[in-house]
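Q: below is the sequence, then the predicted model.
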Amino acid sequence: MIKGSWRNDYTRICKTDGTEGIDTVTCSLWFSTAVSSMTHDKSVTLMYSDQGGTMDCSNIPTYSGAPNPAYLMLVR
C-alpha cells in the first residue's frame, strides 16, 4: 500500500504472493523501490493502463480495490 500525493488515501500496488497478476519478483522489487523512496525522501511514479478510458488519478479505486499499475519507478 502507498499513500499517493494525488489524493489522501491508500492504494494497493501489488501482493507479494503473486495472486494479483504481478509476479512475486516484480512486486518485491516495487516494494523495495517504494521503501527506498521513503528512506531517501524521493518520489515514485506509477502508471496505470486505462483500457476503459474513464480512470484518472482521482478515481483509481482505493486499498485492495486498486488495479495493478503497469509500472512503478523511482523519481530522482
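A: Right, received. Where do you want to start? Because the structure is predicted, anything quoted here is derived from the model rather than measured.
Q: how about the most centrally placed residue in the chain, what does it touch?
A: The centre of the chain sits closest to I13, judged by Cα atoms, centre = their mean, with a distance of 3.5 Å. Counting by Cβ atoms under 8 Å, 6 or more residues apart in numbering, I13 touches M1, I2, C27, W30, F31, A34, L46, A66, N68, P69, L72. (C-beta placed from N, C-alpha, C; glycine too.)
Q: what about the first one, how many residues close to it?
A: In other words, M1. Using other Cβ atoms under 10 Å, M1 is surrounded by 12 other residues.
Q: what sits opposite the residue nearest to it when sequence neighbours are not counted in the beta ladder?
A: Spatial nearest neighbour of M1, excluding adjacent residues (Cβ to Cβ, 6 or more residues apart in numbering): Y10 at 4.7 Å. Beta-bridge pairing for Y10 (DSSP bridges): K3.
Q: got a list of what Y10 touches?
A: Contact partners of Y10, counting by Cβ under 8 Å, 6+ apart, are M1, I2, K3, T62, Y63.
Q: nearest spatial neighbour of the fourth one, chain-adjacent residues omitted?
A: Counting by Cβ to Cβ, 6+ apart, the nearest residue to T62 once its immediate chain neighbours are dropped is D9, at 4.6 Å.
Q: please apply the same query to K42.
A: L74 is the one closest to K42 (Cβ to Cβ, 6+ apart), at 5.8 Å.
Q: packing partners for the helix or strand harbouring the one you found?
A: L74 belongs to strand 71-75 when assigned by DSSP states H and E. On a contact count with 3 or more Cβ pairs under 8 Å, 6 or more residues apart in numbering; DSSP states H and E, strand 71-75 meets helix 24-39, strand 43-47.
Q: now render the ones you listed as TSV, adding mean neighbour count, distance to D56 and mean pLDDT.
A: Output for the helices and strands packed on strand 71-75, formatted as TSV (neighbours: other Cβ atoms under 10 Å; distance: least, Cβ to Cβ, whole Å; pLDDT from 0 to 100):
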stretch	mean neighbour count	distance to D56	mean pLDDT
helix 24-39	14	21	91
strand 43-47	14	13	88
